[in-house]
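*Asks:* Following is a predicted model, sequence given first.
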Amino acid sequence: MTRPDTMLIVAIAFVVFLLMRMPVAFAIGISGVLFFAQHPELPFTIPAQITVSQTQNFSLLAVPLFILAGNFMNRSGITKRLLELASVMTGRLRGGLAQVSIALSALMGGVSGSAIADASMQSRMLGEDMVRRGFTRGFTAGVLSYGAVLTPIIPPGIGMILYGTIGQVSIGRLFAAGVLPALLLWLALSLAVWLTARSRGYEPERKVRPNLKEAASAFTGGIWALLFPVFLLFGLRMGVFTPSEIGAFAVFYAIFIGVLIYREMTAKGFFEALEGSLTDVGAVMFLIALSAIFSYGLVFERVPEVVSGWILGVTDNLDAAMILVAVFVLVIGFFIDATVLIIMLTPIFLPVIRQLGGDPVHFGIVFIIAATIGNFTPPVGAAMYAVCSILKCPIGEYTRESKGLLAAVVLVVLLLVFLPGIVLFLPNLVFG
(Lines give C-alpha, C1' and ligand atoms only; values in the text may rest on other atoms or scores of the structure.)
Protein backbone atom coordinates (compact mmCIF):
# COMPACT_ATOMS: atom_id res chain seq x y z
CA MET A 1 0.00 0.00 0.00
CA THR A 2 1.39 3.42 -0.94
CA ARG A 3 1.98 6.06 1.67
CA PRO A 4 -0.72 8.47 0.46
CA ASP A 5 -3.24 5.59 0.50
CA THR A 6 -2.28 4.68 4.08
CA MET A 7 -2.77 8.15 5.50
CA LEU A 8 -5.87 8.72 3.37
CA ILE A 9 -7.55 5.72 5.00
CA VAL A 10 -6.54 6.99 8.44
CA ALA A 11 -7.85 10.50 7.66
CA ILE A 12 -11.16 9.16 6.33
CA ALA A 13 -11.55 6.99 9.44
CA PHE A 14 -10.90 10.02 11.65
CA VAL A 15 -13.59 12.08 9.86
CA VAL A 16 -16.09 9.20 10.03
CA PHE A 17 -15.52 8.82 13.77
CA LEU A 18 -16.11 12.56 14.26
CA LEU A 19 -19.34 12.40 12.22
CA MET A 20 -20.43 9.55 14.51
CA ARG A 21 -19.97 12.04 17.38
CA MET A 22 -17.24 9.92 18.93
CA PRO A 23 -15.14 11.87 21.48
CA VAL A 24 -12.25 13.50 19.67
CA ALA A 25 -9.58 11.79 21.77
CA PHE A 26 -10.95 8.34 20.86
CA ALA A 27 -11.30 9.31 17.19
CA ILE A 28 -7.63 10.31 17.09
CA GLY A 29 -6.41 7.29 19.03
CA ILE A 30 -8.39 4.67 17.07
CA SER A 31 -7.41 6.27 13.76
CA GLY A 32 -3.79 6.14 14.85
CA VAL A 33 -4.06 2.46 15.78
CA LEU A 34 -5.59 1.85 12.35
CA PHE A 35 -2.36 3.17 10.84
CA PHE A 36 -0.36 0.52 12.68
CA ALA A 37 -2.78 -2.16 11.49
CA GLN A 38 -1.72 -1.29 7.95
CA HIS A 39 1.97 -1.64 8.82
CA PRO A 40 2.59 -5.16 10.16
CA GLU A 41 6.33 -4.51 10.03
CA LEU A 42 5.92 -2.07 12.95
CA PRO A 43 5.73 -3.61 16.45
CA PHE A 44 2.22 -3.24 17.82
CA THR A 45 3.66 -2.31 21.21
CA ILE A 46 4.64 1.10 19.83
CA PRO A 47 1.17 2.72 20.32
CA ALA A 48 1.22 1.86 24.03
CA GLN A 49 4.81 3.04 24.43
CA ILE A 50 4.38 6.40 22.70
CA THR A 51 1.06 7.05 24.47
CA VAL A 52 2.74 6.69 27.85
CA SER A 53 5.92 8.52 26.84
CA GLN A 54 3.89 11.48 25.57
CA THR A 55 2.61 12.12 29.09
CA GLN A 56 6.16 12.07 30.50
CA ASN A 57 7.13 15.33 28.78
CA PHE A 58 8.26 17.62 31.61
CA SER A 59 7.26 20.78 29.71
CA LEU A 60 3.63 19.61 29.63
CA LEU A 61 3.54 19.77 33.43
CA ALA A 62 2.62 23.44 32.95
CA VAL A 63 -0.75 22.46 31.43
CA PRO A 64 -2.39 20.87 34.50
CA LEU A 65 -0.79 23.44 36.79
CA PHE A 66 -2.19 26.40 34.86
CA ILE A 67 -5.60 24.71 34.64
CA LEU A 68 -5.55 24.28 38.42
CA ALA A 69 -4.44 27.89 38.92
CA GLY A 70 -7.29 29.13 36.70
CA ASN A 71 -9.90 27.20 38.67
CA PHE A 72 -8.49 28.51 41.96
CA MET A 73 -8.55 32.09 40.65
CA ASN A 74 -12.17 31.78 39.57
CA ARG A 75 -13.03 30.97 43.18
CA SER A 76 -10.83 33.60 44.74
CA GLY A 77 -13.10 36.59 44.10
CA ILE A 78 -11.13 37.90 41.13
CA THR A 79 -13.92 37.51 38.57
CA LYS A 80 -16.42 39.91 40.11
CA ARG A 81 -13.70 42.51 40.67
CA LEU A 82 -12.61 42.28 37.05
CA LEU A 83 -16.24 42.70 35.98
CA GLU A 84 -16.42 45.93 37.97
CA LEU A 85 -13.16 47.13 36.40
CA ALA A 86 -14.41 46.26 32.89
CA SER A 87 -17.60 48.20 33.55
CA VAL A 88 -15.65 51.27 34.66
CA MET A 89 -13.36 51.06 31.61
CA THR A 90 -15.94 50.53 28.86
CA GLY A 91 -19.39 51.06 30.36
CA ARG A 92 -19.82 54.47 28.68
CA LEU A 93 -19.20 53.14 25.16
CA ARG A 94 -22.10 52.34 22.85
CA GLY A 95 -23.07 48.73 23.33
CA GLY A 96 -23.20 48.75 27.12
CA LEU A 97 -22.79 45.27 28.54
CA ALA A 98 -21.50 43.98 25.20
CA GLN A 99 -18.48 46.30 25.52
CA VAL A 100 -18.08 45.27 29.16
CA SER A 101 -18.09 41.62 28.08
CA ILE A 102 -15.27 42.15 25.54
CA ALA A 103 -13.22 44.05 28.14
CA LEU A 104 -13.82 41.31 30.72
CA SER A 105 -12.57 38.69 28.24
CA ALA A 106 -9.35 40.64 27.81
CA LEU A 107 -8.91 40.99 31.57
CA MET A 108 -9.87 37.37 32.25
CA GLY A 109 -7.52 35.86 29.66
CA GLY A 110 -4.69 35.43 32.11
CA VAL A 111 -7.04 33.91 34.68
CA SER A 112 -9.05 31.26 32.87
CA GLY A 113 -6.62 30.26 30.09
CA SER A 114 -9.47 28.55 28.21
CA ALA A 115 -11.70 30.11 25.55
CA ILE A 116 -14.54 27.66 26.23
CA ALA A 117 -14.39 28.20 30.00
CA ASP A 118 -14.33 31.99 29.56
CA ALA A 119 -17.28 32.02 27.14
CA SER A 120 -19.36 29.71 29.35
CA MET A 121 -18.66 31.69 32.52
CA GLN A 122 -19.50 35.05 30.94
CA SER A 123 -22.70 33.65 29.44
CA ARG A 124 -23.90 32.73 32.90
CA MET A 125 -22.79 36.06 34.36
CA LEU A 126 -23.95 38.51 31.67
CA GLY A 127 -26.11 36.69 29.13
CA GLU A 128 -29.60 37.17 30.51
CA ASP A 129 -28.82 40.73 31.66
CA MET A 130 -27.82 41.63 28.09
CA VAL A 131 -31.06 40.15 26.71
CA ARG A 132 -33.11 42.10 29.28
CA ARG A 133 -31.38 45.29 28.16
CA GLY A 134 -32.63 44.80 24.60
CA PHE A 135 -29.81 42.87 22.90
CA THR A 136 -30.99 40.07 20.62
CA ARG A 137 -30.10 36.57 21.78
CA GLY A 138 -28.06 35.95 18.64
CA PHE A 139 -25.94 39.07 19.08
CA THR A 140 -25.58 38.42 22.81
CA ALA A 141 -24.36 34.87 22.17
CA GLY A 142 -22.00 36.10 19.44
CA VAL A 143 -20.38 38.73 21.64
CA LEU A 144 -20.00 36.41 24.63
CA SER A 145 -18.55 33.71 22.38
CA TYR A 146 -16.15 35.70 20.19
CA GLY A 147 -14.85 37.73 23.12
CA ALA A 148 -13.19 34.53 24.32
CA VAL A 149 -10.89 34.52 21.26
CA LEU A 150 -8.65 36.76 23.38
CA THR A 151 -8.19 34.12 26.07
CA PRO A 152 -5.72 31.68 24.41
CA ILE A 153 -3.17 34.37 23.50
CA ILE A 154 -3.03 36.18 26.84
CA PRO A 155 -0.50 34.55 29.20
CA PRO A 156 -0.78 31.76 30.23
CA GLY A 157 -2.84 30.44 27.31
CA ILE A 158 -2.82 26.63 27.17
CA GLY A 159 -2.56 26.74 23.35
CA MET A 160 0.76 28.59 23.58
CA ILE A 161 2.16 25.98 25.98
CA LEU A 162 1.16 23.14 23.64
CA TYR A 163 2.51 24.89 20.54
CA GLY A 164 5.76 25.83 22.25
CA THR A 165 6.29 22.32 23.62
CA ILE A 166 5.54 20.52 20.34
CA GLY A 167 7.41 23.00 18.13
CA GLN A 168 10.34 23.59 20.49
CA VAL A 169 9.56 27.32 20.59
CA SER A 170 10.28 29.58 23.57
CA ILE A 171 7.12 29.66 25.69
CA GLY A 172 8.29 32.88 27.37
CA ARG A 173 8.52 34.63 23.99
CA LEU A 174 5.10 33.26 23.04
CA PHE A 175 3.61 34.62 26.26
CA ALA A 176 5.04 38.07 25.53
CA ALA A 177 4.03 37.91 21.86
CA GLY A 178 0.36 37.41 22.66
CA VAL A 179 -0.15 40.67 24.55
CA LEU A 180 -0.28 43.23 21.69
CA PRO A 181 -2.34 41.00 19.34
CA ALA A 182 -4.81 40.50 22.20
CA LEU A 183 -5.16 44.27 22.59
CA LEU A 184 -5.63 44.57 18.83
CA LEU A 185 -8.36 41.91 18.89
CA TRP A 186 -10.02 43.75 21.78
CA LEU A 187 -10.02 46.97 19.74
CA ALA A 188 -11.40 45.23 16.62
CA LEU A 189 -14.19 43.45 18.50
CA SER A 190 -15.04 46.62 20.43
CA LEU A 191 -15.31 48.52 17.15
CA ALA A 192 -17.55 45.81 15.67
CA VAL A 193 -19.81 45.99 18.73
CA TRP A 194 -19.86 49.82 18.57
CA LEU A 195 -20.91 49.80 14.89
CA THR A 196 -23.71 47.32 15.58
CA ALA A 197 -24.84 49.22 18.68
CA ARG A 198 -24.91 52.49 16.75
CA SER A 199 -27.06 51.03 13.96
CA ARG A 200 -29.50 49.39 16.41
CA GLY A 201 -29.59 52.09 19.06
CA TYR A 202 -28.03 50.10 21.90
CA GLU A 203 -27.25 52.51 24.73
CA PRO A 204 -24.16 52.70 26.96
CA GLU A 205 -24.30 50.82 30.25
CA ARG A 206 -23.20 53.89 32.24
CA LYS A 207 -24.68 57.31 31.60
CA VAL A 208 -22.21 59.14 33.85
CA ARG A 209 -18.45 59.03 33.71
CA PRO A 210 -17.07 57.19 36.78
CA ASN A 211 -15.42 59.50 39.31
CA LEU A 212 -11.81 59.14 40.38
CA LYS A 213 -12.67 57.30 43.59
CA GLU A 214 -14.81 54.74 41.78
CA ALA A 215 -12.14 54.18 39.10
CA ALA A 216 -9.39 53.80 41.71
CA SER A 217 -11.48 51.32 43.67
CA ALA A 218 -12.16 49.20 40.57
CA PHE A 219 -8.51 49.25 39.52
CA THR A 220 -7.32 48.32 43.01
CA GLY A 221 -9.77 45.43 43.14
CA GLY A 222 -8.54 43.99 39.84
CA ILE A 223 -4.84 44.75 40.20
CA TRP A 224 -3.91 41.26 41.42
CA ALA A 225 -5.34 39.64 38.30
CA LEU A 226 -3.73 42.26 36.04
CA LEU A 227 -0.32 41.63 37.64
CA PHE A 228 -0.52 37.89 37.04
CA PRO A 229 0.75 37.93 33.39
CA VAL A 230 3.38 40.51 34.39
CA PHE A 231 4.75 38.20 37.10
CA LEU A 232 4.79 35.31 34.62
CA LEU A 233 6.84 37.23 32.05
CA PHE A 234 9.15 38.69 34.70
CA GLY A 235 9.80 35.27 36.22
CA LEU A 236 10.60 33.73 32.84
CA ARG A 237 12.75 36.67 31.70
CA MET A 238 14.84 36.73 34.86
CA GLY A 239 15.31 32.97 34.83
CA VAL A 240 13.56 32.56 38.18
CA PHE A 241 11.22 29.90 36.76
CA THR A 242 11.08 27.47 33.88
CA PRO A 243 7.70 27.32 32.04
CA SER A 244 6.81 24.23 34.09
CA GLU A 245 7.90 25.72 37.41
CA ILE A 246 5.99 28.93 36.77
CA GLY A 247 2.81 26.86 36.64
CA ALA A 248 3.44 25.87 40.26
CA PHE A 249 3.96 29.55 41.09
CA ALA A 250 0.61 30.32 39.43
CA VAL A 251 -1.15 27.82 41.71
CA PHE A 252 0.50 29.33 44.80
CA TYR A 253 -0.37 32.85 43.58
CA ALA A 254 -4.04 31.95 43.11
CA ILE A 255 -4.31 30.38 46.57
CA PHE A 256 -2.47 33.33 48.12
CA ILE A 257 -4.93 35.83 46.58
CA GLY A 258 -8.02 33.80 47.46
CA VAL A 259 -7.04 33.06 51.06
CA LEU A 260 -5.01 36.07 52.24
CA ILE A 261 -5.89 39.01 49.95
CA TYR A 262 -9.58 38.69 49.06
CA ARG A 263 -10.32 36.05 51.72
CA GLU A 264 -13.07 34.50 49.61
CA MET A 265 -11.66 31.03 48.96
CA THR A 266 -13.40 28.61 51.29
CA ALA A 267 -12.59 24.97 51.92
CA LYS A 268 -15.60 24.04 49.78
CA GLY A 269 -14.37 26.26 46.93
CA PHE A 270 -10.90 24.79 47.22
CA PHE A 271 -12.11 21.21 46.79
CA GLU A 272 -14.54 22.21 44.01
CA ALA A 273 -11.59 23.75 42.14
CA LEU A 274 -9.61 20.53 42.60
CA GLU A 275 -12.52 18.44 41.35
CA GLY A 276 -13.07 20.64 38.29
CA SER A 277 -9.35 20.64 37.53
CA LEU A 278 -9.19 16.84 37.60
CA THR A 279 -11.89 16.69 34.93
CA ASP A 280 -10.25 19.37 32.77
CA VAL A 281 -6.75 17.96 33.09
CA GLY A 282 -7.94 14.42 32.38
CA ALA A 283 -9.63 15.50 29.15
CA VAL A 284 -6.65 17.52 27.89
CA MET A 285 -3.93 15.03 28.81
CA PHE A 286 -5.91 12.08 27.42
CA LEU A 287 -6.18 13.96 24.13
CA ILE A 288 -2.45 14.76 24.14
CA ALA A 289 -1.52 11.14 24.93
CA LEU A 290 -3.64 9.58 22.17
CA SER A 291 -2.60 12.20 19.64
CA ALA A 292 0.94 10.78 19.85
CA ILE A 293 -0.23 7.66 17.99
CA PHE A 294 -1.65 9.75 15.15
CA SER A 295 1.41 12.00 15.08
CA TYR A 296 3.71 8.98 14.78
CA GLY A 297 1.91 7.99 11.60
CA LEU A 298 2.24 11.48 10.16
CA VAL A 299 5.97 11.51 10.75
CA PHE A 300 6.48 7.91 9.58
CA GLU A 301 4.71 8.64 6.29
CA ARG A 302 6.66 11.92 5.92
CA VAL A 303 3.44 13.94 5.67
CA PRO A 304 5.17 17.16 6.86
CA GLU A 305 7.61 16.86 3.96
CA VAL A 306 4.80 16.24 1.45
CA VAL A 307 2.84 19.26 2.71
CA SER A 308 5.99 21.37 2.75
CA GLY A 309 6.73 20.41 -0.83
CA TRP A 310 3.18 21.26 -1.90
CA ILE A 311 3.20 24.69 -0.27
CA LEU A 312 6.67 25.50 -1.60
CA GLY A 313 5.48 24.39 -5.03
CA VAL A 314 2.61 26.88 -4.83
CA THR A 315 4.59 29.82 -3.44
CA ASP A 316 7.95 30.66 -1.90
CA ASN A 317 6.58 33.88 -0.39
CA LEU A 318 6.37 33.76 3.40
CA ASP A 319 3.26 35.95 3.68
CA ALA A 320 1.40 33.94 1.04
CA ALA A 321 2.37 30.67 2.75
CA MET A 322 1.14 31.95 6.12
CA ILE A 323 -2.17 33.00 4.57
CA LEU A 324 -2.54 29.57 2.95
CA VAL A 325 -1.92 27.91 6.31
CA ALA A 326 -4.26 30.30 8.15
CA VAL A 327 -7.08 29.69 5.64
CA PHE A 328 -6.57 25.92 5.83
CA VAL A 329 -6.59 25.99 9.64
CA LEU A 330 -9.64 28.26 9.67
CA VAL A 331 -11.60 25.93 7.37
CA ILE A 332 -10.62 22.69 9.09
CA GLY A 333 -11.24 24.39 12.43
CA PHE A 334 -14.95 24.41 11.55
CA PHE A 335 -14.87 20.65 12.21
CA ILE A 336 -11.99 20.01 14.65
CA ASP A 337 -11.25 21.48 18.09
CA ALA A 338 -8.47 24.07 18.39
CA THR A 339 -6.43 21.97 20.83
CA VAL A 340 -6.44 19.06 18.39
CA LEU A 341 -5.38 21.33 15.53
CA ILE A 342 -2.45 22.71 17.50
CA ILE A 343 -1.28 19.22 18.47
CA MET A 344 -1.69 17.72 15.00
CA LEU A 345 -0.71 20.55 12.67
CA THR A 346 2.20 22.22 14.46
CA PRO A 347 4.71 19.55 13.35
CA ILE A 348 3.36 19.79 9.79
CA PHE A 349 3.29 23.54 9.16
CA LEU A 350 5.98 24.94 11.46
CA PRO A 351 8.87 23.37 9.47
CA VAL A 352 7.49 24.99 6.29
CA ILE A 353 7.44 28.43 7.87
CA ARG A 354 10.95 27.94 9.24
CA GLN A 355 12.17 26.85 5.81
CA LEU A 356 10.80 30.08 4.33
CA GLY A 357 12.59 32.13 6.99
CA GLY A 358 9.56 32.89 9.13
CA ASP A 359 9.72 33.49 12.86
CA PRO A 360 8.14 30.57 14.79
CA VAL A 361 6.78 32.95 17.45
CA HIS A 362 5.09 35.15 14.84
CA PHE A 363 3.62 32.11 13.09
CA GLY A 364 2.55 30.61 16.43
CA ILE A 365 0.33 33.54 17.37
CA VAL A 366 -1.30 33.67 13.92
CA PHE A 367 -1.75 29.90 13.95
CA ILE A 368 -3.26 29.79 17.46
CA ILE A 369 -5.77 32.57 16.70
CA ALA A 370 -6.79 30.95 13.41
CA ALA A 371 -7.23 27.58 15.15
CA THR A 372 -9.23 29.16 18.00
CA ILE A 373 -11.77 30.71 15.61
CA GLY A 374 -13.17 27.21 15.05
CA ASN A 375 -14.43 27.23 18.65
CA PHE A 376 -16.96 29.89 17.65
CA THR A 377 -18.18 28.65 14.26
CA PRO A 378 -20.59 25.94 13.11
CA PRO A 379 -20.86 23.02 12.85
CA VAL A 380 -18.82 21.84 15.88
CA GLY A 381 -17.64 25.00 17.69
CA ALA A 382 -17.42 24.01 21.35
CA ALA A 383 -17.65 27.56 22.74
CA MET A 384 -20.54 28.31 20.36
CA TYR A 385 -22.54 25.31 21.59
CA ALA A 386 -21.78 26.11 25.23
CA VAL A 387 -22.98 29.72 24.89
CA CYS A 388 -26.02 28.91 22.75
CA SER A 389 -27.04 26.15 25.17
CA ILE A 390 -26.83 28.47 28.17
CA LEU A 391 -28.73 31.28 26.41
CA LYS A 392 -31.15 28.95 24.56
CA CYS A 393 -30.17 30.62 21.29
CA PRO A 394 -30.69 28.88 17.90
CA ILE A 395 -27.44 28.22 16.02
CA GLY A 396 -28.83 29.86 12.87
CA GLU A 397 -29.56 33.13 14.70
CA TYR A 398 -26.16 33.03 16.36
CA THR A 399 -24.44 32.56 12.99
CA ARG A 400 -26.29 35.46 11.33
CA GLU A 401 -25.63 37.85 14.21
CA SER A 402 -21.93 36.95 14.52
CA LYS A 403 -20.77 37.74 10.98
CA GLY A 404 -19.37 41.16 11.90
CA LEU A 405 -17.44 39.73 14.84
CA LEU A 406 -15.98 36.94 12.69
CA ALA A 407 -14.93 39.50 10.06
CA ALA A 408 -13.19 41.60 12.73
CA VAL A 409 -11.15 38.63 13.98
CA VAL A 410 -10.19 37.50 10.45
CA LEU A 411 -9.05 41.03 9.57
CA VAL A 412 -6.80 41.08 12.64
CA VAL A 413 -5.28 37.72 11.62
CA LEU A 414 -4.48 39.13 8.16
CA LEU A 415 -3.00 42.27 9.71
CA LEU A 416 -0.75 40.17 11.96
CA VAL A 417 0.45 38.15 8.96
CA PHE A 418 1.64 41.26 7.11
CA LEU A 419 2.86 43.17 10.16
CA PRO A 420 4.96 40.73 12.22
CA GLY A 421 6.36 43.65 14.20
CA ILE A 422 3.09 43.81 16.15
CA VAL A 423 3.68 40.27 17.37
CA LEU A 424 7.44 40.41 17.84
CA PHE A 425 7.87 43.86 19.39
CA LEU A 426 7.26 42.83 23.00
CA PRO A 427 9.17 39.49 22.97
CA ASN A 428 12.16 41.26 21.36
CA LEU A 429 11.94 44.01 23.96
CA VAL A 430 11.68 41.65 26.94
CA PHE A 431 13.84 38.73 25.84
CA GLY A 432 16.09 40.37 23.24
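*Replies:* The structure has been received and is ready for your questions.
*Asks:* Now do the strands in the protein.
*Replies:* Read by DSSP state E, the chain holds no strands at all.
*Asks:* max-length helix in it?
*Replies:* Longest helix of the chain, by residue count under DSSP state H: helix 267-300.
*Asks:* same for that helix, what does it pack against?
*Replies:* With contacts taken as 3 or more C-beta pairs under 8 Å, 6 or more residues apart in numbering; DSSP states H and E, helix 267-300 sits against helix 3-19, helix 24-37, helix 46-54, helix 62-74, helix 338-355. All C-beta atoms are positioned from the backbone trio N, CA, C, and that covers glycine.
*Asks:* Pull the contacting residues for residue 47.
*Replies:* For residue 47, the contact set (C-beta atoms under 8 Å, 6 or more residues apart in numbering) comprises 32, 33, 36, 293, 296.
*Asks:* before we move on, the earlier item: quickly, which of the helices and strands packed on helix 267-300 bottoms out on average pLDDT?
*Replies:* Here the helices and strands packed on helix 267-300 differ in mean pLDDT, and the lowest is helix 3-19 at a mean of 67.
*Asks:* what's stretch 211-226 in contact with?
*Replies:* With C-beta under 8 Å, 6+ apart, stretch 211-226 has contacts from 73, 78, 81-82, 84-85, 87-88, 107-108, 110-111, 210, 257, 261-262.
*Asks:* Can you tell me which of the residues you listed is nearest residue 229?
*Replies:* residue 110 (4.3 Å; C-beta to C-beta).
*Asks:* for the stretch 251-400 of the chain, what are the low-confidence residue spans?
*Replies:* Applying pLDDT under 70 to the stretch 251-400 of the chain picks out residues 304, 335, 379-380.
*Asks:* Tally up the residues packed near the nearest residue to residue 250 once chain neighbours are set aside, please.
*Replies:* Excluding its sequence neighbours, the residue lying closest to residue 250 (C-beta to C-beta, 6 or more residues apart in numbering) is residue 69, at 3.7 Å. Neighbourhood size, residue 69 [other C-beta atoms under 10 Å]: 29.
*Asks:* how much space between residue 69 and residue 392?
*Replies:* Here residue 69 is placed at a distance of 32 Å from residue 392 (C-beta to C-beta, to the nearest Å).
*Asks:* How about residue 354?
*Replies:* For residue 354 relative to residue 392 (C-beta to C-beta), the value is 46 Å.
*Asks:* neighbour count winner among these two?
*Replies:* Under the criterion of other C-beta under 10 Å, the comparison of residue 354 against residue 392 puts residue 354 first, with 14 against 11.
*Asks:* Can you show me the helices along the stretch 301-432 of the chain?
*Replies:* 303-314, 318-332, 338-355, 360-373, 382-391, 395-401, 403-418, 420-431 (DSSP state H, counting those that start in this stretch).
*Asks:* what sits against residue 95?
*Replies:* Counting by C-beta under 8 Å, 6+ apart, residue 95 has contacts 190, 193, 194, 196, 197, 202, 204.
*Asks:* Considering the residues you listed, which possesses the most neighbours?
*Replies:* residue 193 (28 neighbours).
*Asks:* out of everything not next to it in sequence, what's closest to that one?
*Replies:* Computed as C-beta to C-beta, 6+ apart, the closest residue to residue 193 that is not its neighbour in sequence is residue 95, at 4.3 Å.
*Asks:* For that neighbour, grab phi and psi.
*Replies:* phi 110, psi -10 (degrees, to the nearest 10).
*Asks:* now it: how far from residue 105?
*Replies:* Going from residue 95 to residue 105 by C-beta to C-beta gives 14 Å.
*Asks:* for the stretch 101-250 of the chain, which spans come out with low pLDDT?
*Replies:* 109-114, 205-208, 243-244.
*Asks:* One more pass at 80, please.
*Replies:* 104-126, 129, 133, 155-158, 201-215, 217-219, 221-222, 224-247 (pLDDT under 80).
*Asks:* quick one on the thing from earlier: would you mind checking the contacts of stretch 211-226 for buried ones?
*Replies:* Buried members of the contacts of stretch 211-226, scored by 16 or more other C-beta atoms under 10 Å, are 73, 78, 81-82, 84-85, 87-88, 107-108, 110-111, 210, 257.
*Asks:* starting at the chain centroid, how far to the longest helix of the chain?
*Replies:* Centroid separation for helix 267-300 versus its chain: 15 Å, with C-alpha atoms, centre = their mean, to the nearest Å.
*Asks:* that older thread, would you list the helices and strands packed on helix 267-300 in a markdown table and tack on distance to residue 406?
*Replies:* Shown next, in a markdown table, are the helices and strands packed on helix 267-300 (distance: least, C-beta to C-beta, whole Å):
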| stretch | distance to residue 406 |
| --- | --- |
| helix 3-19 | 22 |
| helix 24-37 | 23 |
| helix 46-54 | 34 |
| helix 62-74 | 26 |
| helix 338-355 | 15 |
